[in-house]
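1. Predicted model and sequence below, questions to follow.
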Amino acid sequence: MKYIISQRNNLYTEDNKIYYNGKMIEYEGDFEEAVLNKKVEIYRSFLSRHFDNMIVLTGAGSSFGIGKTEIKGMTMKKLWEEIVNKCGKESIEKLGKKINYKIDDITRVNLEEFLSHASLYLLLYHDTDSEVKEIVNKIKQIIISNCTIIMPEDAPHKEFLKRITARKLKHNRLKLFTTNYDMLFEQAANECGFTMIDGFTFTFPRVFNGNNYDYDIVIRKNSRITAQENYAGKVFHLYKLHGSLDWEKDEESGQIRKCDFVNNKMPVMIFPSSIKYETSYEQPFFEMMSRFQTELRMDNALLIIIGYSFGDKHINSMIFEALELNHSLQLVIVDPYIDNFEEIIKRTERSANIMLIKCDFNELALNYPYSYAYSQEEMGEE
């Protein structure tokens, strides 16, 4: 079994023996614990390196199984099971025939493909088929409902934010991109006292304007000795690539505004379907994608991908194009099922800038190396 895959670091096991870069490692005690300790040692050493620009991209894996109530983050497969359960097998099969989507095994339907067929059908018939429109809207409401997650006390998001934002204040802010609709990172930030620069104004109502990403927060005191700005701590940038439960659209002005995510019945989101690529060129999604592409081209940058299945071609293209053009960009992929990324594993054979780590979000959050330089700088130490 493979635990870390890269040109410089390869950790794997065979027959209860641990191998690192082809050499067997001697260990005492529990086998699983020895593997974990060696794995953490390797990736902590790498992540402790200095990077001028920190970028994180998260997908469904950063929310899976997390939730204070009965609603918890789930995979696309589980979400489809929930849709079939709520809509009924017969209704789904009937809809499949109508939109020309062949269903051989209802348990193995691709949700994105199914909604793509339904969306194209409605586009073709100008939304006149009320039966199809009704069930598509019901599916969307099920998706919204199952993404309305209340963060539990032990959610790893809080610890992860504390550790990964612990950087010297003179360095660039963490840029956190996510394809998730849920509000787990926002809830974690609020509970831990972080300030999020998320593209929305600080006035009420909060309205989206991409220029807000160019702002920062500094602490200015009347008795400053020098003219140097004192950047505030606990600040990071948040980008919701596919929309968010707390976004709503003002139909009169067309503006995207912040609202209460629990009671928002029509959030601004890109639902799973083939037309999401076209939608990503509309605002505010285009702004988010443009910022992502720009960050990937920054010097000495680290991109950490957590729980993202590489199911979005336009995002994938940006990542791999950046790896070809920006030789200082380092890519770390964190996922419990790294063996599934066959094409990316092949890329590691010709690129020294890629590392895959067999790890879930909770493990990474607890073991991400904490930089004490941050707290020392806050106290005025060097």
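-> Cool, the structure landed.
2. can we go C-alpha only for contacts and neighbour counts from here?
-> Fine.
3. Where does the prediction get shaky in the chain?
-> Along the chain, segments meeting pLDDT under 70 span 222-229, 274-279, 371-382.
4. now the helices for it?
-> For the chain, the helices defined by DSSP state H occupy 31-47, 76-87, 89-98, 111-124, 130-147, 156-164, 184-192, 276-279, 285-296, 313-325, 342-348, 361-367, 372-378.
5. residues in contact with the third one?
-> Here helix 89-98 makes contact (Cα atoms under 8 Å, 6 or more residues apart in numbering) with 84, 102, 103, 106, 114, 132.
6. Go ahead and flag the most central residue of this structure.
-> Central residue of the chain (Cα atoms, centre = their mean): residue 58, 1.7 Å from the mean position.
7. my guess is it meets residue 310, correct?
-> No - counting by Cα atoms under 8 Å, residue 58 stays clear of residue 310, with 10.6 Å between them.
8. anything in contact with each of the two?
-> If you check residue 58 and residue 310 against Cα under 8 Å, 6+ apart, no residue is contacted by both.
9. sorry, back to before: and of the helices of the chain, who's closest to residue 264?
-> helix 130-147 (9.2 Å; Cα to Cα).
10. could the helices of the chain go into a markdown table alongside distance to residue 15 and mean neighbour count?
-> Output for the helices of the chain, formatted as a markdown table (distance: least, Cα to Cα, whole Å; neighbours: other Cα atoms under 10 Å):
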| stretch | distance to residue 15 | mean neighbour count |
| --- | --- | --- |
| helix 31-47 | 11 | 15 |
| helix 76-87 | 32 | 16 |
| helix 89-98 | 44 | 15 |
| helix 111-124 | 39 | 18 |
| helix 130-147 | 41 | 17 |
| helix 156-164 | 32 | 20 |
| helix 184-192 | 39 | 18 |
| helix 276-279 | 45 | 14 |
| helix 285-296 | 40 | 19 |
| helix 313-325 | 35 | 15 |
| helix 342-348 | 23 | 13 |
| helix 361-367 | 24 | 17 |
| helix 372-378 | 39 | 15 |
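11. Go ahead and confirm residue 334 touches residue 362.
-> No - using Cα under 8 Å, residue 334 makes no contact with residue 362, being 10.8 Å away.
12. picking that back up, out of the contacts of helix 89-98, who's nearest residue 74?
-> residue 84 (14.7 Å).
13. mind checking how far that closest one is from residue 128?
-> 24 Å (Cα to Cα, to the nearest Å).
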